[in-house]
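K.L.:
After the sequence you'll find the predicted model.
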Amino acid sequence: MDAIVMAGGLGKRLGMGEKPCIKVMGKPLICYVLDTLEESKKIERIFVAVSPATPKTGTVVLNNYRGRIKVIRTAGGNYVGDMVCAVESAGIIEPVLIIMSDLPLISPALVDSIISEYEKCGRPAMSVHVPISICRSLGIRPDTVFNRNGNLIVPTGINILDGKNIQQEQEDFNLILEIPELALNINMVDDIKRCEDLLK
């Protein structure tokens, strides 16, 4: 399966420049995700979608991965539009993993297990969530919460979609995992400290 890392957001809430380039324990944030994807047994090609708001991110990827990971430049300003553009530009017509660039705690084994769950779910699309209780246990106040059959769940920024029908709405399976590493992304300065504490 191919993977696209979405790295074109403005990161306004953090206020530290391009979010994917922020150093966490001396390493650019996006490199945690890219290193994990490179070590995954189920990921083949890796692409990074950047925008006019993240020019340095593209340079970081090109300098650190020497052609192993391709950079796709999108228009920016619209997450879904940029994601569709990235999938089409990469020529992906199979299922594709879409992941945010600010999830430094995920592991290769976790990525592989999510793909395995997708292969069993029988739906064209799958979104990964955590229960809100996981966020509360970490002291995180999520921006987006969904109610699924009376359970409050939070999207993690990991999805799998059918590339050949990327322009269409796809029937979605909600995978709910009680895994703290999926809940912690970087939106605020405090999140960096939480991540560093957990990485240590």
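P.N.:
Right, received. Where do you want to start?
K.L.:
Going by C-alpha atoms from here, please, whenever you check contacts or count neighbours.
P.N.:
Will do.
K.L.:
Could you name the helices and strands sitting against the helix or strand Glu196 falls within?
P.N.:
In the assignment (DSSP states H and E), Glu196 maps to helix 189-199. If contacts are counted by 3 or more CA pairs under 8 Å, 6 or more residues apart in numbering; DSSP states H and E, helix 189-199 sits against strand 23-24.
K.L.:
next one: the strand it packs on to chain centre, how far?
P.N.:
17 Å (CA atoms, centre = their mean, to the nearest Å).
K.L.:
And stretch 87-96, by the same measure?
P.N.:
With CA atoms, centre = their mean, you get 16 Å for stretch 87-96.
K.L.:
So for it, first residue to last residue, what's the gap.
P.N.:
Stretch 87-96 has an end-to-end distance of 8 Å (criterion: CA to CA, to the nearest Å).
K.L.:
Quick check: mean pLDDT of it?
P.N.:
Stretch 87-96 comes out with an average pLDDT of 96.
K.L.:
how about it: buried residues?
P.N.:
By neighbour count with 16 or more other CA atoms under 10 Å, stretch 87-96 contains the buried residues Val87, Ala90, Ile92, Pro95, Val96.
K.L.:
Select from the residues you listed every entry located in helices.
P.N.:
Val87, Ala90 (DSSP state H).
K.L.:
Grab the two from the buried residues of stretch 87-96 that are most spread out in space.
P.N.:
Using CA to CA, the two most remote members of the buried residues of stretch 87-96 are Ala90 and Pro95, lying 12.5 Å apart.
K.L.:
SS state for the residue nearest to Ile46 when sequence neighbours are not counted?
P.N.:
Of all residues not flanking Ile46 in the chain, Ala3 sits nearest, at 4.9 Å (CA to CA, 6 or more residues apart in numbering). With DSSP: H, G, I helix; E, B strand; the rest coil as the basis, Ala3 sits in strand.
K.L.:
Specify the beta-bridge partners of Ala3.
P.N.:
Counting by DSSP bridges, Ala3 forms beta bridges with Ile46, Leu97.
K.L.:
show me the contacts for it.
P.N.:
Ala3 sits next to Leu37, Ile43, Glu44, Arg45, Ile46, Phe47, Val96, Leu97, Ile98, Ile99 when contact means CA atoms under 8 Å, 6 or more residues apart in numbering.
K.L.:
Name only those of those residues that count as buried.
P.N.:
Here, 16+ other CA under 10 Å leaves Leu37, Ile43, Arg45, Ile46, Phe47, Val96, Leu97, Ile98, Ile99 buried among those.
K.L.:
Who's the closest spatial neighbour of the third one, skipping the chain neighbours?
P.N.:
Across the structure, with CA to CA, 6+ apart as the measure, the residue nearest Arg45 apart from its sequence neighbours is Asp2 (4.8 Å).
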